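S.K.: What shape does this take:
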Amino acid sequence: MEVCIVGGGLSAVVSAKICKDHGLVPFILNKSSALGGIWKGFEGEVGVWPSLRCFNEKHMFSFSDYLWNLDDPDHPNPAQILNYMNGYIEKNQLSEYFHNSCEVTRLERFDEDYKVTWVHNSQTYEKVFRYILISSGRYTTINYPFPNPEVFLGQIVHGGNYRNASIFKDKKVVSIGLNLTASELAYDAVASAQSVTQVFKRPYTCMKRYMQGAPFDMVLFRTSMLNNPGPVLTDLKTNAAFTRVFWEMVGKPGSFHPLWELDESVLGKQIICARAADDEYYNAIAEGKIALHKGQVVEAYEHGVVLADGTKLEADVIALGTGFQPDYSYLSDEIKSIIQYDAKDRLLATIMCRSIFHPDLPRLCFVGNYVGAAPGHLELQAEIGVKYLVGTLEVSNEEMWRCVRDEEYARQNTRDALGPYDFKNYFLDNIRMLKINISIERIENELGLKNPPLAPYLIFMDRPGQMEICRAWAEDLKKKYPMFKKDN
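M.R.: Numbering: from 1, shown residues only. This next block holds a predicted model:
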């Protein structure tokens, strides 16, 4: 039985493999002319720039059953990520299922099935499918922080269409946002721009890519978290506890710059977000090469941006690190209504069970609709989604609807967060839903590791051939970061 997969990036690739594992035949409709999603960085498409390095450490960003090249750097660039992805596609013989340059224009119910319409080489095609998996992803439509970009006479560049720093040469650059993208754009501009100003609405907890001698996500997401589940939705209490621990590890934001000062009195009263950036960026901040300005951009004007307090900041180039939205405009009005689709809602564009499926839409699921920092989260979403498609997900109807109500609550009550879910607890809830048992004792005894990073390789240790991958990774880990050795 065929399953129509909409998309062509990481989510679609891992979903195709998992569909095959469950006896489904993928029929993948990829809007782009090549595989790879945002990591291709094609001109004219939303994507990444060549010098970008992956936010996550490579093994924390891996497919569970495919070992990264151990010689690649901890934080690979897009070319290395594409090479890894292509190796996975080849290993699992997935390329034959991809239909490139196929743009889906409509997806609707058709009796008890679904009808998909797409365009390829100016020709329109239709086909009915029993199963649908939507993995066109969150990185589809660029968010603008102001309603009138057309009035600005200079150039606006977003992380999704930025490709090299030549656009900054001899320009006054204003970078909007404080996340990794906005910070990297600001730092890229330093070498050749006339001036660089970074505007931010509120301070974040600051991390460097490495903390306590290892990549930050290796330190944050460790096997010990398996014993400490918490609320899945982002909430003030959990966020406050997490932030206190974080500040003990990395220091308060004010230690990086006075404008980023946050007092402990705000904990439990507002959501404090965290971000990671390179040492070079923090050095540029300390040396004044990037000027900071606290405020909220509300509109553009001919020669720059206007803040909420009326301040005008001049710019020749406005650089945006303001995120993306998924684009599900091709869904029928009936499906949009069921998932409460709101294209303008930056927190939750859809309302479903864990952003993966809706109980009123049988045999249809989403993968990559929610993106977090936890390891293996896209693969776990695909496992949940495909099990839902084929009717083997052991979750009661009551729980499904409770999860839908969770997202309804989050849309109304969690507006200041970067996302509706706590990264760690969303991961743990996915593990629970799939009834996966990860044995900490086995990891310690058979791999010689103590409280190691919870790399995706460890999630499915009982699969045939999986321990060989785990051992190769564990030996490399112990050499590079002996802090994770059992006898250290």
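S.K.: in this structure, what secondary structure element scores lowest on mean pLDDT?
M.R.: Averaged element by element with mean pLDDT, DSSP states H and E, the chain has its least confident helix or strand at strand 141-142 (a mean of 82).
S.K.: roughly how far is that strand from the heart of the chain?
M.R.: Chain-centre distance of strand 141-142: 14 Å, with CA atoms, centre = their mean, to the nearest Å.
S.K.: who does that strand pair up with?
M.R.: Using DSSP bridges, strand 141-142 pairs in its sheet with strand 324-325 (antiparallel).
S.K.: Run through who's touching the strand it pairs with.
M.R.: Contacts with strand 324-325, where a contact means CB atoms under 8 Å, 6 or more residues apart in numbering, come from Val46, Arg138, Tyr139, Thr140, Thr141, Ile142, Asn143, Gly160, Ala343, Lys344, Arg346, Ala349. Glycine gets a C-beta too; all of them are placed from N, C-alpha and C.
S.K.: Please verify my assumption that Leu226 contacts Leu428.
M.R.: Yes: the criterion here is CB atoms under 8 Å, and Leu226 meets it with Leu428 at 7.1 Å.
S.K.: ok, back up a step: following the least confident helix or strand of the chain, which helix or strand shows up next?
M.R.: Sequence-wise, the next helix or strand downstream of strand 141-142 (DSSP states H and E) is strand 155-158.
S.K.: Could you list the residues in contact with that next one?
M.R.: Applying CB under 8 Å, 6+ apart, the contact partners of strand 155-158 are Ile142, Pro149, Ile167, Leu185, Asp316, Val317, Ile318, Ala319, Leu320, Gly321, Thr322.
S.K.: residue nearest the centroid of the protein?
M.R.: Residue closest to the mean C-alpha point of the chain, counted by CA atoms, centre = their mean, is Val371 at 3.6 Å.
S.K.: Can you tell me the SS state at it?
M.R.: Secondary structure assignment for Val371 (DSSP: H, G, I helix; E, B strand; the rest coil): coil.
S.K.: any idea how far it is from Met218?
M.R.: Look at Val371 and Met218: by CB to CB, to the nearest Å, they are 19 Å apart.
S.K.: likewise Ala191?
M.R.: For Ala191, the distance to Met218 (CB to CB) stands at 30 Å.
S.K.: Please apply the same query to Gly251.
M.R.: 19 Å.
S.K.: how about the strands in the stretch 351-488 of the chain?
M.R.: 364-366 (DSSP state E, counting those that start in this stretch).
S.K.: likewise the stretch 51-200 of the chain?
M.R.: Applying DSSP E, counting those that start in this stretch to the stretch 51-200 of the chain gives strands spanning 98-99, 103-110, 113-120, 123-129, 131-134, 141-142, 155-158, 172-176, 195-200.
S.K.: So what touches the first one?
M.R.: Translated: strand 98-99. Here strand 98-99 makes contact (CB under 8 Å, 6+ apart) with Gly8, Phe27, Ile28, Leu29, Asn30, Leu35, His120.
S.K.: What is the burial count for the residue nearest to Asp406 when sequence neighbours are not counted?
M.R.: Closest residue in space to Asp406, ignoring its immediate chain neighbours: Leu233 at 5.8 Å, by CB to CB, 6 or more residues apart in numbering. Neighbouring residues of Leu233 were enumerated by other CB atoms under 10 Å; the total is 19.
S.K.: what phi and what psi does the backbone show at Leu233?
M.R.: phi -80, psi 150 (degrees, to the nearest 10).
S.K.: coming back round to it: ok, of the contacts of strand 155-158, which one's closest to Phe423?
M.R.: Phe423 lies nearest to Gly321 out of the contacts of strand 155-158, by CB to CB, at 19.2 Å.
S.K.: And the furthest pair within the contacts of strand 155-158?
M.R.: Ile142 and Asp316 (19.8 Å).
S.K.: who's more crowded, these two?
M.R.: Applying other CB under 10 Å to Ile142 and Asp316 shows that Asp316 carries more neighbours, namely 20 against 17.
S.K.: Correct me if wrong: that one contacts Val173.
M.R.: Yes: assessed by CB under 8 Å, Asp316 is found in contact with Val173 at 7.2 Å.
S.K.: Now do the helices in this structure.
M.R.: With DSSP state H as the definition, the chain shows helices at residue ranges 10-21, 78-91, 180-190, 216-220, 236-250, 279-286, 333-338, 377-390, 397-413, 423-433, 440-447, 466-480.
S.K.: Same list as before, those that is, but in a markdown table and with mean neighbour count included.
M.R.: Shown next, in a markdown table, are the helices of the chain (neighbours: other CB atoms under 10 Å):
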| stretch | mean neighbour count |
| --- | --- |
| helix 10-21 | 25 |
| helix 78-91 | 17 |
| helix 180-190 | 24 |
| helix 216-220 | 24 |
| helix 236-250 | 16 |
| helix 279-286 | 16 |
| helix 333-338 | 15 |
| helix 377-390 | 24 |
| helix 397-413 | 15 |
| helix 423-433 | 21 |
| helix 440-447 | 16 |
| helix 466-480 | 17 |
